[in-house]
Structures are given as C-alpha cells and as structure tokens.
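Chemist: The sequence and its predicted three-dimensional model are supplied below.
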Amino acid sequence: MGIQLTEIAADRVRNFLTNRGKGIGLRLGVKTTGCSGLAYVLEFVDELQNDDQVFESRGVKVVIDSKSLLFLDGTEVDFGKEGLNEGFQFKNPNAKNACGCGESFTV
C-alpha cells in the first residue's frame, strides 16, 4: 500500500525542504512512547539507510524504515490547522486506538 501525502502535506514538505536548503525527502517512523504505546516521528532525510523503503507521493519522497512500515503501511499524511495549532495529521488504517491527546496510538 505504501505511504501517501495529501497535496497540502506535500506542499508543506516541499516548502520545509526548500527553506532548509537540503534534504531528499521526509522520514516517517514510529517510536515507543506515550499512553497508547506508539508515536509518530517525522524528520528530514539527508541520506538513506540500508533498511529504508522509499515511496514517492505527489513528487515528494517519503522514507520509512522496515520496522515502522509494519505499523504505518497505508497511512495518509495530511497537514491541517485548527485554531492556533497546525501540524501534520495521520490517517493510519492500522491504528486501533489513540490516546486522548492524539500523540500516540496502538495497533
């Protein structure tokens, strides 16, 4: 299935990479944390690692390690604003529950 970006999320990533002046794409991953167990991690990618999978969505490279792909395959990444808050949002078909603050999830 892979990872998909909405057009607005892809535009944000392109703008961040342009302002940063370097980078080949966006890394999406998970880490163990929070009250539900797993949290999303976003970083810019300057070089690929041996176990990375690379997906291209709307002209942006999305890089994900093999372990994280098990939890994130099929995820759509969006970017939204709500009041004064803005940020990336995740529509993950693998997530069964999320904590009340939305920072972590379970599969």
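Modeler: Alright, I've got the coordinates.
Chemist: give me every residue that touches residue 16.
Modeler: residue 44 (CB atoms under 8 Å, 6 or more residues apart in numbering). Glycine gets a C-beta too; all of them are placed from N, C-alpha and C.
Chemist: Buried residues of the helix or strand hosting it, list them for me.
Modeler: Here residue 16, judged by DSSP states H and E, is contained in helix 7-20. Under the neighbour-count criterion of 16 or more other CB atoms under 10 Å, helix 7-20 has 9-10, 12-13, 17 buried.
Chemist: and if you look at stretch 49-58?
Modeler: Of the residues in stretch 49-58, those buried (16+ other CB under 10 Å) are 52, 55, 57.
Chemist: Kindly report the same for stretch 68-82.
Modeler: Those would be 68-69, 71-73, 75, 77-79, for stretch 68-82 by 16+ other CB under 10 Å.
Chemist: Return the member of those nearest to residue 94.
Modeler: residue 71 (5.7 Å; CB to CB).
Chemist: in a helix, that's where that closest one is, yeah?
Modeler: Yes: judged by DSSP: H, G, I helix; E, B strand; the rest coil, residue 71 forms part of a helix.
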